[in-house]
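In: I'll drop the sequence and a predicted model, then ask my questions.
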Amino acid sequence: MNTKGLVLPLLLVVAGCGNHPNSDLAGTDAMLSREQILRIAEDWVRKTDHVKEGDRLVVIYDNGNEKWLSFLKESEQDEPEAARFFRKMLDGRDYQAVFTGYESLTLGGTYCVLIDRKTGEVITSAAGV
């Protein structure tokens, strides 16, 4: 995937928005379930994006954050400022990447939502990945 010239214009950064603390897990070392993380990501995209009623949103759990880390590594070459920003935001955080988009995905039509695995906080997101 060539991100040159694509990341910064399509970059949507939302730091510390959409806190979704899970009251059952507050103050514990328990992790959110895969289903909880997927639901948080979908809810966040529906609240922050202009999703029309009836739009089918595709939500994909990025196992091991492999797709996100690959994107980030590629971004270090093409968009080093964006890569540094994301690395700084995620440094020391236990997070899960979730990719979302519409059923008929288009270039630049995908969000990556990065969620704290313990609290459910949306740490940040990127559009156009």
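Out: That came through fine. Note that the coordinates shown come from a computational prediction; the quantities given were computed from them, not determined experimentally.
In: Going by C-alpha atoms from here, please, whenever you check contacts or count neighbours.
Out: Fine.
In: Do a quick rundown of the strands in the protein.
Out: Applying DSSP state E to the chain gives strands spanning 57-61, 95-102, 110-116, 122-127.
In: winner for burial among those strands?
Out: strand 110-116 (a mean of 25; mean count of other Cα atoms under 10 Å).
In: Report the angle between that strand and strand 122-127.
Out: Taking axes from the mean of the first three to the mean of the last three Cα atoms, to 10 degrees, one finds strand 110-116 and strand 122-127 inclined to each other by 170 degrees.
In: Return the list of helices and strands in contact with the longest helix belonging to the chain.
Out: Taking DSSP state H as the criterion, the chain has its longest helix at helix 34-48. In terms of contacts (3 or more Cα pairs under 8 Å, 6 or more residues apart in numbering; DSSP states H and E), helix 34-48 is packed against strand 57-61, strand 95-102, strand 110-116.
In: what about the ones you listed, which gets the closest to residue 69?
Out: Of all these, strand 95-102 sits nearest to residue 69, with 9.2 Å by Cα to Cα.
In: Many thanks, have a good one.
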